[in-house]
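Peer 1: I would like the atomic coordinates for the input below:
(chains A and B)
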Amino acid sequence: GDSVTQMEGPVTLSEEAFLTINCTYTATGYPSLFWYVQYPGEGLQLLLKATKADDKGSNKGFEATYRKETTSFHLEKGSVQVSDSAVYFCALSDLKTSYDKVIFGPGTSLSVIP
Amino acid sequence: DGGITQSPKYLFRKEGQNVTLSCEQNLNHDAMYWYRQDPGQGLRLIYYSQIVNDFQKGDIAEGYSVSREKKESFPLTVTSAQKNPTAFYLCASSRDREGGNEQFFGPGTRLTVL
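Peer 2: Below you'll find the model as predicted:
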């Protein structure tokens, strides 16, 4: 079945460092891909998405490119801030094979220190 | 502003009691979902509903029940049959096929069994 794999956390970075959180997926169809962010004690918020191959999603300085050839959707940011400290979830929705569900990765915790 | 509301934010339950968690949305979304999140874990799907008066079990439905009598509302009951109910519960909705099944989340309810 469909699945999402994320790099294990926690990740700790200094402010202004470059961030990469790896995400790879397995899907039989042509899924849409998402990154969600969860701040402590809150629900998830959509950070960015891409619905077809080679699309780049971007928001708040974060970017991710839908790479069908490597089945990846890595999250990047050029210069992180303390306010980026949160848990990041990669997710997919394959309307052909898992029409009703979104498959979430386990999440990657990011801590940014001043 | 449109969005999803969950209440209460914190809920305490004695063993053997049933409790109901509220979820309301004014986004006019057809699909609604309930997830459970344990500390340091990803999201696990409990139940979901695509239309009024219809719902399906997710991956961990045992010990839970739901109803969908109105489009706007999808309450979750945690029954005494749920052996380990202490967790963070998240409700979400989506426009279904539009936007690749992008999900919108509520702020969550933290349930603690005393």
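Peer 1: in contact with the residue nearest the centre of chain B, which residues?
Peer 2: In chain B, the residue lying closest to the centroid (CA atoms, centre = their mean) is B:W34, at 2.9 Å. Applying CB atoms under 8 Å, 6 or more residues apart in numbering or on different chains to B:W34 gives the contacts B:23, B:45-48, B:58, B:64, B:66, B:74, B:76, B:89-92. For glycine as for every other residue, the C-beta is placed from the backbone atoms N, C-alpha and C.
Peer 1: what about 10 Å?
Peer 2: B:21, B:23, B:44-49, B:55, B:58, B:60-61, B:64, B:66, B:74-76, B:89-92 (CB atoms under 10 Å, 6 or more residues apart in numbering or on different chains).
Peer 1: tell me the bridge partners for it.
Peer 2: Beta-bridge partners of B:W34, counted by DSSP bridges, are B:Y47, B:C91.
Peer 1: below-threshold pLDDT in chain B: ranges please.
Peer 2: Residues of chain B meeting the criterion pLDDT under 70: B:1, B:96-100.
Peer 1: how about the residues of it by chain A?
Peer 2: Residues of chain B found near chain A (CB under 10 Å from any CB of the partner chain) are B:4, B:6, B:9, B:31, B:33, B:35, B:37, B:40-45, B:48-50, B:56, B:58-59, B:88, B:90-92, B:94, B:96-97, B:99-110.
Peer 1: one more time with 7 Å, if that's ok
Peer 2: Contact residues (CB under 7 Å from any CB of the partner chain) of chain B with chain A: B:41-43, B:45, B:48, B:50, B:56, B:90, B:97, B:100-103, B:105-108.
Peer 1: please pick the buried ones from those.
Peer 2: B:42-43, B:45, B:48, B:50, B:90, B:100-103, B:105-106, B:108 (16 or more other CB atoms under 10 Å in any protein chain shown).
Peer 1: format these as JSON lines; extra columns: secondary structure.
Peer 2: Listed next are those as JSON lines, based on DSSP: H, G, I helix; E, B strand; the rest coil:
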{"residue": "B:G42", "secondary structure": "coil"}
{"residue": "B:L43", "secondary structure": "strand"}
{"residue": "B:L45", "secondary structure": "strand"}
{"residue": "B:Y48", "secondary structure": "strand"}
{"residue": "B:Q50", "secondary structure": "strand"}
{"residue": "B:L90", "secondary structure": "strand"}
{"residue": "B:G100", "secondary structure": "helix"}
{"residue": "B:N101", "secondary structure": "coil"}
{"residue": "B:E102", "secondary structure": "coil"}
{"residue": "B:Q103", "secondary structure": "strand"}
{"residue": "B:F105", "secondary structure": "strand"}
{"residue": "B:G106", "secondary structure": "coil"}
{"residue": "B:G108", "secondary structure": "coil"}
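Peer 1: out of these, which is nearest to chain A?
Peer 2: B:G100 (2.8 Å; CB to the nearest CB).
Peer 1: identify the residue nearest B:N26 in space, chain neighbours excluded?
Peer 2: Closest residue to B:N26 apart from its sequence neighbours, by CB to CB, 6 or more residues apart in numbering or on different chains: B:G2 at 5.2 Å.
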